[in-house]
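Novice: Fold the following for me, if possible:
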Amino acid sequence: MSADSPGHFEDWGHALESLSAWQRAGQLDQHQAELLWLLQNRGNWRLREAGLEAMRTLKTPDPELLEEACRIVVDEGLYYQVRVLAAETLAQFAGDDPGSGGPGVPLAEEVRDRVHALLAAQPAPVLHQAFRRILPVKGK
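Specialist: Down below sits the predicted model:
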């Protein structure tokens, strides 16, 4: 990570300021390692949500970012709002082929299976709708 990366910041507000500056400058695609750090930051919901929101503006997300968003979607220990946000972010990259995972990066089979299992378990309606955006229901 670069010296100005969020991983080197003691203050999460400074990390959000850097993220905003990268977005304004059109440089977010060049800071995907830092964005991944934000998504993996389990101790701060603001950083994770900001990372997911920013991820939507990427032209070509790295596979690691897509995988981390998938982990957030299927993590039943996380709150609904961040899981929905992650699903909506993934849906944006799914394009015309739901479940494809975006530009040239298919969703891992285990992730598809896990999301289908979550759908079969009849999650809360808000989660069900979000999951349906990234994967079609089997048999339909």
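Novice: If I look at residue 131, what pLDDT would I see?
Specialist: Each residue has a pLDDT score; the one for residue 131 is 80.
Novice: Burial check on it, number of neighbours?
Specialist: Residues lying near residue 131 (other CB atoms under 10 Å) number 22. Using the backbone N, CA and C atoms, a C-beta is placed for each residue, glycine as well.
Novice: Residue 13 too?
Specialist: So residue 13, with other CB under 10 Å, has 9 neighbours.
Novice: Could you export the one helix or strand it maps to as CSV, CA atoms only?
Specialist: Assigned by DSSP states H and E, residue 13 belongs to helix 12-24. The C-alpha coordinates for helix 12-24 follow below in CSV (Å, rounded to 0.1, in the frame of the first residue of the first chain):
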residue,chain,number,x,y,z
TRP,A,12,-11.1,6.5,9.7
GLY,A,13,-12.3,10.0,8.7
HIS,A,14,-9.0,10.6,7.0
ALA,A,15,-9.5,7.3,5.1
LEU,A,16,-12.9,8.5,3.9
GLU,A,17,-11.4,11.8,2.8
SER,A,18,-8.7,10.0,0.7
LEU,A,19,-11.4,7.7,-0.8
SER,A,20,-13.4,10.8,-1.8
ALA,A,21,-10.3,12.5,-3.3
TRP,A,22,-9.5,9.4,-5.4
GLN,A,23,-13.1,9.3,-6.6
ARG,A,24,-13.1,13.0,-7.5
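Novice: Which secondary structure elements does the helix or strand encompassing residue 32 sit against?
Specialist: Using DSSP H and E, residue 32 sits in helix 32-40. Applying 3 or more CB pairs under 8 Å, 6 or more residues apart in numbering; DSSP states H and E, we find helix 32-40 packed against helix 12-24, helix 45-55, helix 63-74.
Novice: Show me the contact partners of the second one.
Specialist: Judged by CB atoms under 8 Å, 6 or more residues apart in numbering, the contacts made with helix 45-55 from elsewhere in the structure are 6, 12, 15-16, 19, 23, 28, 35-36, 38-39, 41-42, 61, 65, 69, 72, 79, 81-82, 85-86, 89.
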